[in-house]
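Asker: Fold the following.
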Amino acid sequence: MFGNIANPLRLRGFSAAKIAERVISAAKLLEIDHLLNRRPQELSSGQKQRVAIGRAIVREPKLFLFYVTHDLLEALSMADMMVVMHHGELQQWGTPREIFNHPVNAWVAGFVGEPAMNFLTCELRDEGSQTILTHPSFAIPLLPEQVTRLGSNRSVRMGVRPDALTIDTTRPGGPVIEGRIFVTELLGGDIIVNVQLDDARVRVKTSTEFAGQPDDACYLTVNRDNWHLFDIDDGHAFSDTYPVRMAAFLARHGATDVPDIFHAVRNLPYHSSGERSPDAVMATGRGACTAKAYPVARSSAPQGRGCGGGDCRR
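Answerer: Got it, this is the predicted structure:
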């Protein structure tokens, strides 16, 4: 494996000392330094992928352009910038943190993140100076800044990630979501609790200290700073500040438009059969590109994991 990673440097005439320095540094970064003496057939598929990335890293290029991947955890952990595609249409471009925390529509919100975001169809009602988000299982006031973004909409799709919910088997103070534990899933240091509401089921990520059992009554507290509100029809985010944040990003890099990497991804990705893949992420490494813009597409699909139905990724 050492020779595989070192090959680009040998072809460029680097000294043995410099080759060893760069290969070991890249291997440690990729956490495969303990595998440097193994042969390709002794590596797992994931380790082979890291070897390929290591060959690019040792060259120290100004820009890393990685491959299209359907592995969201891989893209979120490796990329400096991400491009999210759906049915050949660009959905969102930005840093992994930005896309995870500020999805531009319900499809992106459901596609990025594991476990997947929960979605509930809710109604809005006014009570005095407050606007209340209502559902058969709860009635929770919106934050003032969230109300201003909604306009005249009276129905919304609320999305909340499993780790933005807190679960208790005794009723805490303040507004809560009431439900019953359907099943629990132990995932190493975490437990995923599936909670049955009146007309839906949501997932909560909590610690292994949680002792609730199936059919126990439970109460969910939601972090209102971290829930998301989407249009009931086309799925766009009411909290979408993507154009403003994109303009700020481009200004920091002295650009006036979105990188022309979109020339490459506009018609990507394709399977080896030549058929277009329905959805994917393109992960890019450090460096900036120059400009060509394409509009952010709004997903109008009524079904799909990102829009409250089945898993769009399969």
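
Asker: C-alpha from now on. contacts and neighbour counts both.
Answerer: OK.

Asker: Which strand or helix spans Asn7?
Answerer: Using DSSP states H and E, Asn7 sits within helix 2-11.

Asker: so where do the helices sit in the stretch 101-250 of the chain?
Answerer: Assignment of helices within the stretch 101-250 of the chain using DSSP state H, counting those that start in this stretch yields the ranges 106-111, 144-147, 242-252.

Asker: Show me the shaky parts of the stretch 51-200 of the chain.
Answerer: Confidence mapping of the stretch 51-200 of the chain against pLDDT under 70 gives the ranges 66-70.

Asker: Ok, the stretch 201-314 of the chain next?
Answerer: 239-314.

Asker: Could you list the domains of this structure?
Answerer: Residue ranges for the domains of the chain, per automatic domain parsing: 2-60, 66-102+241-307, 106-231.

Asker: Turn those into JSON lines, including mean neighbour count.
Answerer: Below are those laid out as JSON lines (neighbours: other C-alpha atoms under 10 Å):
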{"stretch": "domain 2-60", "mean neighbour count": "16"}
{"stretch": "domain 66-102+241-307", "mean neighbour count": "17"}
{"stretch": "domain 106-231", "mean neighbour count": "18"}
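
Asker: Please look at Leu142 and Arg224 and confirm they touch.
Answerer: Yes: using C-alpha atoms under 8 Å, Leu142 is in contact with Arg224, at 7.4 Å.

Asker: still on that earlier bit, how much does the next helix or strand after the helix holding Asn7 deviate in direction from helix 2-11?
Answerer: Downstream of helix 2-11, the next assigned helix or strand under DSSP H and E is helix 16-29. Counting by axes from the mean of the first three to the mean of the last three C-alpha atoms, to 10 degrees, helix 16-29 lies at 130 degrees to helix 2-11.

Asker: contacts for helix 16-29?
Answerer: 2, 5-6, 9-10, 33, 36, 51, 54, 57-58 (C-alpha atoms under 8 Å, 6 or more residues apart in numbering).

Asker: ok, now which ones touch the nearest residue in space to Ala200 that is not next to it in sequence?
Answerer: Distances taken as C-alpha to C-alpha, 6 or more residues apart in numbering put Leu120 closest to Ala200, at 7.4 Å, once the chain neighbours are dropped. Counting by C-alpha under 8 Å, 6+ apart, Leu120 makes contact with 157-159, 200, 308.

Asker: Please tell me how far Glu21 sits from Met117.
Answerer: Distance, Glu21 to Met117, using C-alpha to C-alpha, to the nearest Å: 43 Å.

Asker: How about Leu197: what's its closest non-neighbour residue?
Answerer: Gly179 (4.7 Å).

Asker: so what's that neighbour up against?
Answerer: The contact partners of Gly179, by C-alpha under 8 Å, 6+ apart, come to 137, 195-198, 217-220.

Asker: In strands, which of the contacts of Leu120 appear?
Answerer: 157-159 (DSSP state E).

Asker: between the residues you listed, which is closest to Gln41?
Answerer: Here the nearest of the ones in strands among the contacts of Leu120 to Gln41, counting by C-alpha to C-alpha, is Gly159; it sits at 44.2 Å.

Asker: pretty sure the closest one contacts Ala116?
Answerer: No: the pair Gly159 and Ala116 does not pass the contact test of C-alpha under 8 Å, sitting 10.0 Å apart.
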